[in-house]
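Q: Provided below are the primary sequence and the corresponding predicted coordinates.
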Amino acid sequence: MISQFVILSQHGDILLFKDYRGDVGKDSPELFLQKIRGLSGGLAPPTFHHDGIHYLHVKHNSLYFMATTRSNVSPFMVIELINRVASLCKDYCGVLSEEAIRLNFPLVYEILDEVIDFGYPQGTSTDMLKAYMENSPVLVREGTTPGLFGAERRMVPSTAANKSIMGTAINQGRKNEIFVDVLERLTVLISTSGSVLRADIDGTIQMKSFLVGVPDISMSLSDNLTVNHEQCFFLLPTGYNSHAHIDECSFHESVDLSEFGQSRVLTIHPPQGEFPVMKYQASGDLPSLLPFRLFPTVNDQDSTRDMELVLKVFCDVPSTSHAVNVMVRVPVPKSTTSVSHQLSGPGQNVEFKAQEHVVAWNIKKFPGATELTARFKLAVANRTPSTRLELGPVSLKFELPMYICSRLQIRFLRLFDHEQSYVPYRWVRYVTHSDSYVIRI
């Protein structure tokens, strides 16, 4: 059982406070913030114990969803409950942000009343709760996200999926739509010689349904998809494989796998709202080339002159694709006093963060099959033979819309519902994010 449920903004403002049992003090949010802000690096563990109280939290979109308890409960159960509440808030509010929580405070409070009773979790089904919700959502527009494409290559507005699941009937003027995101997070470590020490993919097929009725959805994945050690006779050399390969995968409870083994078809009985259809992992030799290659050059031979660093970054994706919000982060020696730079083109900027001893090279848009160069001159005081060792490693943060490294594709998305005569809208997008992309220099 839990004692309190709290939603906090990234600045520490209490957006919602729900006390179920009265056995924990009202100052628990302040104590929680003091603890996590006092940790080095700002990386707080999901659960910790202080003065007889267990604090458990999950961070979603810069919001802290926190629960407290004095009982010896399973932390995994509480973390799962917190995640389900966050998903319900997103389903009913449309987006998960500070503004959405503030504007929809009565609705979120009503969700907590229905989901948790005297600290004990009740039903967390999105469909089940719809019958008990009395408050209407206030929709909030969110920032631009990568575009979505349907079968006819039509562009959907970036905020099309950011709406509440409430009131999705056709006679209420709402479109019947289904959104599918294939999201991958990439973890890469490359040595100074350029060899790949680690390459991992953590992927999810996320679905958000705004459909009326109870249709069955047939989703076909790549027909050349191999899972784990399945036999495959069409392999090409590493980095040039035309097939999709994953090491392991898991599926949502609403997915029927009877046809998956033979034809790679998933039959889905989707609940309303957002849910992960499939989660998968891949590591080792990836089916495609890594999206970025780095060619560093360091000139530090003359101790009387500034240390010079030249970075050439090649975007190794097709010319039809591009990366956005690219940040190349380079740790520099602690004795660096100033940094001058020279860039190869527009749409870029460099920031020297003296307190963090880091140079950040920001690229707004990086077209595929192109190379960009940055030349840095580091003014370093009191240079020693070990100063060179303080340079690097280089880390990259980026986003690749409409491109994924596992080559997993959705071939078709079909709906079957004999009771409804409407034709729903279907949208699919692919996005790759960098989780940790580190290159040693």
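A: The structure has been received and is ready for your questions.
Q: any idea how far Thr337 lies from Asp306?
A: 10 Å (C-beta to C-beta, to the nearest Å). For the C-beta atoms, the positions are set from N, CA and C on the backbone; glycine is no exception.
Q: repeat for Val277
A: Distance, Val277 to Asp306, by C-beta to C-beta: 53 Å.
Q: next one: Val227
A: Between Val227 and Asp306 the computed distance is 53 Å (C-beta to C-beta).
Q: Output the below-cut-off pLDDT ranges for this protein.
A: By pLDDT under 70, the low-scoring segments of the chain are 40-43, 141-163, 165-175, 229-242, 304, 417-422.
Q: where exactly do the helices run in the stretch 1-150 of the chain?
A: In the stretch 1-150 of the chain, the helices defined using DSSP state H, counting those that start in this stretch lie at 28-37, 75-93, 98-103, 105-115, 126-129.
Q: Tell me which of these lies nearest to Val394.
A: helix 28-37 (28.8 Å; C-beta to C-beta).
Q: What is the closest one packed up against?
A: Here helix 28-37 touches strand 4-8, strand 47-50, strand 53-60, strand 63-69, going by 3 or more C-beta pairs under 8 Å, 6 or more residues apart in numbering; DSSP states H and E.
Q: cutoff 10 Å now
A: If you count contacts as 3 or more C-beta pairs under 10 Å, 6 or more residues apart in numbering; DSSP states H and E, helix 28-37 packs onto strand 4-8, strand 14-19, strand 47-50, strand 53-60, strand 63-69.
Q: Could you spell out the sheet neighbours of the fourth one, each with its direction?
A: Just to be clear, that refers to strand 53-60. Strand 53-60 has the following strand partners under DSSP bridges: strand 47-50 (antiparallel), strand 63-69 (antiparallel).
Q: mind giving me the domain split of the protein?
A: Following automatic domain parsing, one gets these domains for the chain: 4-129, 148-288+403-439, 292-401.
Q: contacting residues around Met219?
A: If you count contacts by C-beta atoms under 10 Å, 6 or more residues apart in numbering, Met219 has them with 180, 205, 207, 255, 260, 264-268, 270, 277-278, 410-414, 428.
Q: one more time with 6 Å, if that's ok
A: Residues in contact with Met219, defined by C-beta atoms under 6 Å, 6 or more residues apart in numbering, are Leu266, Leu413.
Q: In the sheet, which residues pair with it? Tell me.
A: Note on Met219: beta-bridge partners by DSSP bridges are Leu266, Leu413.
Q: Show me where the stretch 301-441 of the chain has its strands.
A: 307-315, 322-331, 336-343, 348-353, 358-367, 371-380, 394-401, 410-416, 425-439 (DSSP state E, counting those that start in this stretch).
Q: can you redo those strands as a markdown table with mean neighbour count and distance to Ala100?
A: Converted to a markdown table, the strands of the stretch 301-441 of the chain look like this (neighbours: other C-beta atoms under 10 Å; distance: least, C-beta to C-beta, whole Å):
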| stretch | mean neighbour count | distance to Ala100 |
| --- | --- | --- |
| strand 307-315 | 20 | 34 |
| strand 322-331 | 19 | 22 |
| strand 336-343 | 15 | 38 |
| strand 348-353 | 15 | 30 |
| strand 358-367 | 17 | 27 |
| strand 371-380 | 18 | 37 |
| strand 394-401 | 20 | 22 |
| strand 410-416 | 14 | 28 |
| strand 425-439 | 19 | 21 |
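Q: Among these, which comes closest to Gly25?
A: strand 425-439 (37.2 Å).
Q: Can you work out which other helices and strands pack against the closest one?
A: strand 177-190, strand 394-401 (3 or more C-beta pairs under 6 Å, 6 or more residues apart in numbering; DSSP states H and E).
Q: Give me the contact list for that strand.
A: Residues from elsewhere that reach strand 425-439 (C-beta under 6 Å, 6+ apart): 146, 148, 150, 156, 175, 177-190, 294, 393-404, 410, 413.
Q: how does it look with 7 Å?
A: Residues outside strand 425-439 that contact it (C-beta atoms under 7 Å, 6 or more residues apart in numbering) are 146, 148-151, 156, 175-190, 202, 292, 294, 393-405, 410, 413.
Q: Check the gap between Arg329 and Asp200 for me.
A: Arg329 sits 20 Å away from Asp200, going by C-beta to C-beta.
Q: Now Gln122: closest residue in space that isn't a chain neighbour?
A: Nearest non-adjacent residue to Gln122, counting by C-beta to C-beta, 6 or more residues apart in numbering: Val115, 5.8 Å away.
Q: Export the strands of the stretch 301-441 of the chain as TSV, with columns for distance to Asp285.
A: Shown next, in TSV, are these (distance: least, C-beta to C-beta, whole Å):
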stretch	distance to Asp285
strand 307-315	20
strand 322-331	22
strand 336-343	34
strand 348-353	33
strand 358-367	25
strand 371-380	25
strand 394-401	20
strand 410-416	23
strand 425-439	17
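Q: between the helices and strands packed on strand 425-439, which gets nearest to Gly12?
A: Smallest distance to Gly12 across the helices and strands packed on strand 425-439 (C-beta to C-beta): 25.4 Å, for strand 394-401.
Q: Next, the angle strand 177-190 makes with the closest one.
A: 160 degrees (axes from the mean of the first three to the mean of the last three C-alpha atoms, to 10 degrees).
Q: packing partners for strand 394-401?
A: With contacts taken as 3 or more C-beta pairs under 7 Å, 6 or more residues apart in numbering; DSSP states H and E, strand 394-401 sits against strand 292-299, strand 322-331, strand 425-439.
Q: any chance of those in CSV, with distance to Ala360 too?
A: Listed next are these as CSV, based on distance: least, C-beta to C-beta, whole Å:
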stretch, distance to Ala360
strand 292-299, 15
strand 322-331, 5
strand 425-439, 14
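Q: Quick one: closest of these to Asn83.
A: Among the helices and strands packed on strand 394-401, the nearest to Asn83 by C-beta to C-beta is strand 425-439 (18.5 Å).
Q: quick check: angle from the closest one to strand 394-401?
A: Interaxial angle of strand 425-439 relative to strand 394-401 (the same axes, to 10 degrees): 170 degrees.
Q: ok now strand 425-439, how far from the chain's centre?
A: Computed by C-alpha atoms, centre = their mean, to the nearest Å, the chain-centroid distance of strand 425-439 equals 8 Å.
Q: Begin at 558, not 1, for the rest of this chat.
A: Fine by me, first position is 558 from now on; the one you just mentioned is strand 982-996.
Q: got the CA coordinates for that strand in PDB?
A: Presented in PDB, the C-alpha positions along strand 982-996 are these (Å, rounded to 0.1, in the frame of the first residue of the first chain):
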ATOM      1  CA  TYR A 982      -6.700   6.900 -40.400                       C
ATOM      2  CA  ARG A 983      -3.500   5.000 -39.900                       C
ATOM      3  CA  TRP A 984      -0.100   6.800 -39.100                       C
ATOM      4  CA  VAL A 985       3.300   5.200 -38.700                       C
ATOM      5  CA  ARG A 986       6.600   6.800 -38.000                       C
ATOM      6  CA  TYR A 987      10.200   5.700 -37.200                       C
ATOM      7  CA  VAL A 988      12.500   7.500 -34.900                       C
ATOM      8  CA  THR A 989      16.000   6.700 -33.500                       C
ATOM      9  CA  HIS A 990      17.400   8.500 -30.400                       C
ATOM     10  CA  SER A 991      20.900   8.300 -29.000                       C
ATOM     11  CA  ASP A 992      20.900   6.900 -25.500                       C
ATOM     12  CA  SER A 993      24.700   6.800 -25.200                       C
ATOM     13  CA  TYR A 994      26.900   7.400 -28.300                       C
ATOM     14  CA  VAL A 995      30.600   7.700 -27.100                       C
ATOM     15  CA  ILE A 996      33.700   7.800 -29.200                       C
END
